[in-house]
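no letters, just coordinates:
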DNA sequence: CCAAAAGTTGACGCGAACGTAATCGAAACG
DNA sequence: CGTTTCGATTACGTTCGCGTCAACTTTTGG
């Protein structure tokens, strides 16, 4: 298998995005599909990156933050200073995610409580209506 | 204490937002400060709601989603249909948060791995420079 | 071979979530 | 009592993340 090149349409179908979105990510330098003539072709790397992009978005990261994170996955020959900077950025994102993780835990518990309360108010209202 | 009314400036200072933001949230009906003449005054409830708003934002929710969630905290006399709808919306948000929670767990682990890899690449580069 | 489909590059548009004056009234202060 | 200061309102501007044409060039299929 020749690295499973995909057209933009195949990418869109399998990731649930639009061509516009893929071209936009490329313009922002988050993915770099090769070209066959004018047409874009996406390989395994591009797909891996897109997966990370979409996940980063679900966590509320900006495309720029995601772009910086993706540098971490580049084995490309960059110098120490750049690598160190990339690591530093990644550590900050990691802390964001760890904070969010623990905060989510609390928020989930609170929301469950509130839903429970609201449910009991609802059943009370339903009963009082039936008997009233 | 008379319920600790705060001016818009005091609110901004203690929450790290701008007046524009508070007025914007009010326009979108997420908070409802009282008025003394023309001036806004924020009480305990307003602060509690703002806390929830800012937290919701950190989770990537839109202001509209947050507004719907805040209805859950309203004991106000609404009818069963409305309460049931509010509960339904809250359940969906809860599922979002639970999905995000487990996905975050994975993502954190992966990111830690990547940072570790990058760090080893960095120290290797540093060593080869020292000895080369 | 010719038409339809797929893909490309601009360029403008749009909703969300505010920022940023400009202009005004009220209010606190020396 | 005048003047900063604080807040309100109105309204236009901005950034992000795409959506949506329009106008063209392939590419593919009957």
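Yes, it's here. Remember, it's a predicted structure, so these values are computed and weren't measured experimentally.

in stretch A:13-20, which residues are buried?
A:15, A:17 (16 or more other Cβ atoms under 10 Å in any protein chain shown). Glycine gets a C-beta too; all of them are placed from N, C-alpha and C.

residues making contact with the strand or helix carrying residue A:22?
Per DSSP states H and E, residue A:22 falls inside helix A:19-27. Residues outside helix A:19-27 that contact it (Cβ atoms under 8 Å, 6 or more residues apart in numbering or on different chains) are A:8-9, A:11-12, A:31-33, A:40, A:42, A:50, A:53, A:63.

mind redoing it with 7 Å?
A:8, A:11-12, A:31-33, A:53 (Cβ atoms under 7 Å, 6 or more residues apart in numbering or on different chains).

restrict those to contacts with DNA strand D.
By Cβ under 7 Å from any atom of the strand, no member of the contacts of helix A:19-27 lies near DNA strand D.

circling back: any buried residues in the helix holding residue A:22, and which?
Buried-residue list, helix A:19-27, by 16+ other Cβ under 10 Å: A:21-22, A:25.

residue A:119: neighbour count?
15 (other Cβ atoms under 10 Å in any protein chain shown).

please read the previous query as pertaining to residue A:98.
Residue A:98, neighbours per other Cβ under 10 Å, totals 14.

next: residue A:86.
22.

related to what we said a few turns ago, for the helix holding residue A:22, give the mean pLDDT please.
What helix A:19-27 shows for mean pLDDT is 98.

do the same with stretch A:81-97
94.

from what I can see residue A:119 touches residue B:87, true?
Yes. Between residue A:119 and residue B:87 a contact is recorded at 6.2 Å, counting by Cβ atoms under 7 Å.

from the buried residues of helix A:19-27, which are also near DNA strand D?
Okay, of those touching DNA strand D (Cβ under 7 Å from any atom of the strand), that's residue A:21.

show me the domain layout of chain A.
A:1-63, A:75-132 (automatic domain parsing).

switch these over to CSV; also include distance to residue B:80.
Output for the domains of chain A, formatted as CSV (distance: least, Cβ to Cβ, whole Å):
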stretch, distance to residue B:80
domain A:1-63, 34
domain A:75-132, 5
